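> Sequence plus predicted model, see below.
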Amino acid sequence: MKEPTERFHHQLAAGQPRESCGVFGIHGHPRASELAFFGLYALQHRGQESAGIVARGPDGLVGHNGMGLAGDVFTPDILKRLDGSAAIGHVRYSTTGSSNVKNAQPILVDYARGQLAVGHNGNLVNAVALRKELEDCGSIFQSTTDSEIIVHLMARPFNGTFEQALAYSVQRLHGAFSLVMLTRDVLAGVRDPHGIRPLSIGILDGAYVLSSETCAFDLVGAKFVRDVEPGEIVFISDKGIQSVKYAPQARKALCIFEYVYFARPDSVIDGRLCHLVRKELGRELAREFPVSADVVIAVPDSGSSAGLGFSEESGIPFDFGYIRNHYVGRTFISPSQVDRDMKVKVKLNLMPAMVKDKRVVIVDDSIIRGTTTFSRIIELKKAGAKEVHLRISCPPTRFPCYYGVDFPSQEMLIAARHTIAEIAQYLNVDSLGYLSLDGMVKACGGGTHFCRACYEGGYPVPIEEPSQKDIMERARRMRERERPAGVAEAYVKQSSLPQQAKTAATAQQAKTAATAQPTVDAASAVAPTRAAPKPRRRKRKDEPAAQTPAEEKAAVLTPEPQAERHADKPAKKRKGTSSEPDLFG
């Protein structure tokens, strides 16, 4: 059934974006902060919302973060202030927590063990439950990101080393996470037990380097050593590198969308160069959906490699149909739909001469919401293309990602609500072909070690709570509404009364007491009640004569010394005391 264009745009524009971030770390290099900056520059495609660096200097850890691209956030003067021999960096696009500088990373804190900085790539699926547990125990959060939970877990009392505390804390985390952490002595890298998010180790002039992607190693001149294994923590210090397995062996579930779209083509993920994997995706696509056409064009940059593979396999010439403006960030990870729609128009410029009067195959990596693809097809038709055949180098995306990639809720995914025929009719293309799941896995090397949840719905880590960008803010507001009025709230309410109202209340209490006991004078209304008089007894022969009122008053004002008053009485043993010496002094 054909859906009206307006309805499609209304459905697809309302989705909430998600994230994947990039992390970088280096230890033992005199230009650590400068190299961290260039590392973030290489990882900028993983998030353009904010950037930050924390460096270890002679006086401890010092950091700087801000909103925007790394090149805008850091100036030469700022990098000079961050001078040190170790550093971690982070580029962010928000999955959990709103888009503001308070949620930028790395997070830098002072706690009982000293200073700690944390950068997090991924998304925790038990974040709300952990945060509630920590807040109930007295933790005070400064941001609305799930990453801050890691800091509070580390700050809890633990009788052990930093290494032991970290291994214990990350066992509480469920979901996807690759972490870089920095103290005054140690750089640590952590990967979740399923290895959903990538993290690699490199070496540069004897200094160890950590990065979400190997393309950062190429830029700073580091040599790739190996990937951090799933469930592994690496501790890097002046003594070298140490590895600890903190979790039992679990099914490896590397996010296959890293190959399809997210990683840079020149990055090596799990031993495979992304460019070559994407070319193989294009070849598989040509085998599954052959077509007669005059030219193959691709949507740069992530579609270019697949377009080359499609051309090589099909024999149809490949040409450049779009020129990209590289000063515009990715539309896929733009925070708002309005911002995304504008970037769609300015980031790619179609060259009409390359498609006019031709049968065109256009290759793209994915269709998520459909709005971007819809705009592309309109441009091609206006430019005079006779036919437009759309080929997608992955299966239909029907399920949301809860592990840190920019997929909205399921109802906002076009393939979750419509058949391939309906999508083709909406996009107004002559044919539409999605690569099969088996074809995609085959092109990525085969095996079962991938997370394919966004295509088939089988999540390697059970989803404990719904994932929404503002989930922390909404959970906090819900808890505030459900909180009962307790003793503290009642005390605050009473102490906030105006002074005049307090005085009136006190006077009313005194008046009520006087009315209830009319035989008692006004002074006794606010004084303690006297004990009833004891019954009279007979006077002993040796008893002294009674004192006059004046003598009685003088005796009260001048009490006898403690020793004389109780000289004739044995010392009374106080409850809980002992004649034994105090062992705790």
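Ah, there it is. This is a predicted model, so every value here is computed, not measured. Numbering: from 1, shown residues only.

> only C-alpha atoms for contact and neighbour calcs from this point on.
Fine.

> Show the backbone phi and psi for Leu116.
phi -150, psi 130 (degrees, to the nearest 10).

> ok, now which ones touch it?
61, 108-110, 151, 181-184 (C-alpha atoms under 8 Å, 6 or more residues apart in numbering).

> and these as CSV, adding pLDDT and distance to Arg287?
Below are those laid out as CSV (pLDDT from 0 to 100; distance: C-alpha to C-alpha, whole Å):
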residue, pLDDT, distance to Arg287
Leu61, 98, 55
Leu108, 96, 51
Val109, 95, 54
Asp110, 95, 57
Val151, 94, 50
Met181, 98, 45
Leu182, 98, 48
Thr183, 97, 52
Arg184, 96, 55
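
> So which of those are in helices?
Val151 (DSSP state H).

> What is the nearest of the contacts of Leu116 to Thr448?
Met181 (30.5 Å; C-alpha to C-alpha).

> who's the closest one bridged to?
Val118, Ala188 (DSSP bridges).

> Can you report how many residues neighbour it?
27 (other C-alpha atoms under 10 Å).

> Tell me who's in contact with it.
88, 116-119, 187-189.

> Surely Phe289 is in contact with Gly439?
No: counting by C-alpha atoms under 8 Å, Phe289 stays clear of Gly439, with 11.5 Å between them.

> thinking again about what came up before, columns distance to Ser200 on top of the contacts of Leu116, output as JSON lines?
Below are the contacts of Leu116 laid out as JSON lines (distance: C-alpha to C-alpha, whole Å):
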{"residue": "Leu61", "distance to Ser200": "24"}
{"residue": "Leu108", "distance to Ser200": "23"}
{"residue": "Val109", "distance to Ser200": "25"}
{"residue": "Asp110", "distance to Ser200": "28"}
{"residue": "Val151", "distance to Ser200": "23"}
{"residue": "Met181", "distance to Ser200": "14"}
{"residue": "Leu182", "distance to Ser200": "16"}
{"residue": "Thr183", "distance to Ser200": "20"}
{"residue": "Arg184", "distance to Ser200": "22"}
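
> which of the contacts of Leu116 lies closest to Ala250?
Of those, the one sitting nearest to Ala250 (C-alpha to C-alpha) turns out to be Met181, at 23.3 Å.

> And the closest one, how far from Val405?
22 Å (C-alpha to C-alpha, to the nearest Å).

> Check Cys215 too.
19 Å.

> With Val291 instead?
32 Å.

> Gly47 too?
In terms of C-alpha to C-alpha, Gly47 sits 11 Å off from Val405.

> ok, now Leu134?
26 Å.

> cool, Pro248 as well?
25 Å.

> Could you do Asp238 as well?
35 Å.

> Out of these two, name the residue with the larger neighbour count.
Val405 (27 against 11).

> Next one, pLDDT for the closest residue in space to Cys255 that isn't next to it in sequence please.
Once flanking residues are discounted, Cys255 sits nearest to Cys451: 4.8 Å by C-alpha to C-alpha, 6 or more residues apart in numbering. pLDDT for Cys451: 97.

> Cys451 is in contact with Pro460, isn't it?
Yes: applying C-alpha under 8 Å, one finds Cys451 in contact with Pro460, separated by 6.9 Å.

> list residues touching both of these two?
Ala253.

> can you give me the helices in the stretch 351-500 of the chain?
371-382, 414-417, 420-427, 437-443, 453-456, 471-482, 487-495, 499-516 (DSSP state H, counting those that start in this stretch).

> Could you identify which of those helices has the lowest mean pLDDT?
Of all these, the minimum mean pLDDT falls on helix 487-495 (a mean of 39).

> Run a quick neighbour tally on Arg156.
Arg156: 15 neighbours (other C-alpha under 10 Å).

> hang on, I meant Asp319
15.

> now do Ala165
Neighbour number of Ala165 under other C-alpha under 10 Å is 17.

> so which strand or helix has it?
Here Ala165 sits within helix 162-170, counting by DSSP states H and E.

> Give me the contacts around that helix.
Outside helix 162-170, the residues that touch it by C-alpha under 8 Å, 6+ apart are 113, 150, 153-154, 158, 233, 235, 246.

> do that again at 10 Å, thanks
113, 149-161, 177, 179, 181, 183, 186, 188, 190-193, 231-235, 244-247 (C-alpha atoms under 10 Å, 6 or more residues apart in numbering).

> Pull out the buried residues from that helix.
165-170 (16 or more other C-alpha atoms under 10 Å).

> Now flag whichever of those is closest to Ser311.
For the buried residues of helix 162-170, the nearest to Ser311 is Val170 (45.9 Å; C-alpha to C-alpha).

> pLDDT value on that closest one, please?
Confidence score, pLDDT, at Val170: 97.

> Could you measure from it over to Val190?
8 Å.

> Then Ala416?
34 Å.

> who's more crowded, those two?
Val190 (27 against 17).

> in this protein, which ranges drop under the pLDDT threshold?
1-19, 94-100, 327-345, 406, 408, 466-585 (pLDDT under 70).

> Neighbour count: Cys451 and Pro460, which is higher?
Just comparing Cys451 and Pro460: by other C-alpha under 10 Å the higher neighbour count belongs to Cys451, 24 against 18.
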